[in-house]
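Novice: sequence first, then the predicted structure, then my questions.
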Amino acid sequence: MKFHNTIAMLDALIAAPSISCVNPKIDQSNREVINLLANWCQDLGFSCEILPIPNMPDKFNLIATLGHGEGGLVLSGHTDTVPYDLEQWDVDPFKLTEKDGLFYGLGTSDMKAFFALVLEAVKKFDPKQFKHPLILLATAEEESGMDGAKALLNTWKTGARHAVIGEPTNLRPIRMHKGIFMESIHLQGLAGHSSDPSLGNNALEGMHLVIAELIKWRQQLQSKYHNPLFQVPVPTLNLGHIHGGDNPNRICGGCELHIDLRPLPNMDIQELRGMLHQKVTQAVADTGLGVEFTALFDGIPAVETAQDAEIVKVTQKLTHHEAEAVAFATEAPYLQQLGIEPVVLGPGDIAQAHQPNEFINGQRLQPMTEVLVNLIRHFCL
């Protein structure tokens, strides 16, 4: 291998920019990261398939397989990072920098270090010993819309049944996370002179009715759904952005509200979106206001892997931690739709994700490598 140790590989991955962003001026290809991983994997004997993401030029998934047969283990991660604010960084985001045992760089914690550790773990084995395949899965666009993982639903047929997703979890296994979707609600009224309310139809007043109904609905959801394993044990509905009207002496002719809703496992996003539309429409049914909905983010389902699943029991044993639940979302539900039981487990810290001066603690690297070695031994040998 050209890069023969963990730190050298991580340095090369960090030096390969792979920002995904809904703003096309900032968005970048992940091809350089994919090429690095594919070359390293091929040097270790993997069979590599690079898959373009439909309708997304210069975005790619990598499926690298070592061994043959059914079952085995998927070690999965995303190759993209979020954007960054250079003026808030004390070091070069694209140069791995070590200070006091901490390794700084964009994507160190979330989550390029995981790939380097997987390859380090693989070097401990003779692939001829494998009875079941090991699959390294590297996806695109996780940070912007999960497009890489969604594309797998149509392009990947796998016999694998167990997966570890190396998102930052402080070396603690995660078997549940909440889902999320975001919606825009736009009310169309009629502007007019504020001296005579009959000259218009105030969309801002209509949105007052909508907000009252959404808060009532939120209370109903939180009374019905509760899971004590989550730090916030109920579904949340956040009123995140509102804008309406243009001047105090004009009746507000239009008003828009943005919300996000984060459901617990076993709450269906499409059903919730339908209920949202119904509640809002009913709230303004007698006002004469027009209503328009726009999905700002189609959504990521919540996910739960059973407590007695083999991957859960094995990761709990290897980490000496009970599997937990988190509020942030991952690609786990898409792997689950492929018939794979996922656990989220990685060496990074979610507190570092998406932050200036992102780092990974060097003390986490060897323990995570040992966990990966034992996972490969258990599921592939």
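Specialist: Right, received. Where do you want to start? Numbers count the residues shown, from 1 in each chain.

Novice: now residue 60. Its backbone dihedrals?
Specialist: phi -140, psi 150 (degrees, to the nearest 10).

Novice: which non-adjacent residue is nearest it?
Specialist: Leaving aside its chain neighbours, residue 60 sits nearest to residue 34 (4.8 Å; criterion: CB to CB, 6 or more residues apart in numbering). C-beta: built from backbone N, CA, C; applies to glycine.

Novice: would you agree the one you found is in contact with residue 50?
Specialist: Yes - look at residue 34 against residue 50 with CB atoms under 8 Å: they come within range, at 6.0 Å.

Novice: which one of the two has more residues nearby?
Specialist: residue 34 (23 against 15; other CB atoms under 10 Å).

Novice: ok, residue 107 - contacts?
Specialist: By CB atoms under 8 Å, 6 or more residues apart in numbering, the contact set of residue 107 is 13, 14, 18, 81, 358.

Novice: list phi and psi for it.
Specialist: phi 100, psi 0.

Novice: all strands for the stretch 151-300 of the chain, in order.
Specialist: With strands called from DSSP state E, counting those that start in this stretch, the stretch 151-300 of the chain shows them at 162-165, 174-177, 180-188, 236-244, 254-262, 290-300.

Novice: can you put the ones you listed in TSV and add distance to residue 198, mean neighbour count and mean pLDDT?
Specialist: Output for the strands of the stretch 151-300 of the chain, formatted as TSV (distance: least, CB to CB, whole Å; neighbours: other CB atoms under 10 Å; pLDDT from 0 to 100):
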stretch	distance to residue 198	mean neighbour count	mean pLDDT
strand 162-165	58	26	98
strand 174-177	51	25	98
strand 180-188	18	20	97
strand 236-244	19	15	97
strand 254-262	19	21	98
strand 290-300	18	16	96
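
Novice: between the ones you listed, which one is nearest to residue 370?
Specialist: With respect to residue 370, and counting by CB to CB, the nearest of the strands of the stretch 151-300 of the chain is strand 162-165 at 13.5 Å.

Novice: not counting the closest one itself, show me its contacts.
Specialist: With contact meaning CB under 8 Å, 6+ apart, strand 162-165 is reached by 71-77, 137, 310-311, 315, 330-332, 335, 340-346, 372, 375, 379.

Novice: strands - which of these land there?
Specialist: Secondary structure from DSSP state E places 73, 74, 75, 76, 77, 137, 341, 342, 343, 344 of the contacts of strand 162-165 in strands.

Novice: residues in contact with the nearest residue to residue 361 once chain neighbours are set aside?
Specialist: Of all residues not flanking residue 361 in the chain, residue 102 sits nearest, at 5.9 Å (CB to CB, 6+ apart). By CB under 8 Å, 6+ apart, residue 102 lies in contact with 359, 360, 361, 362.
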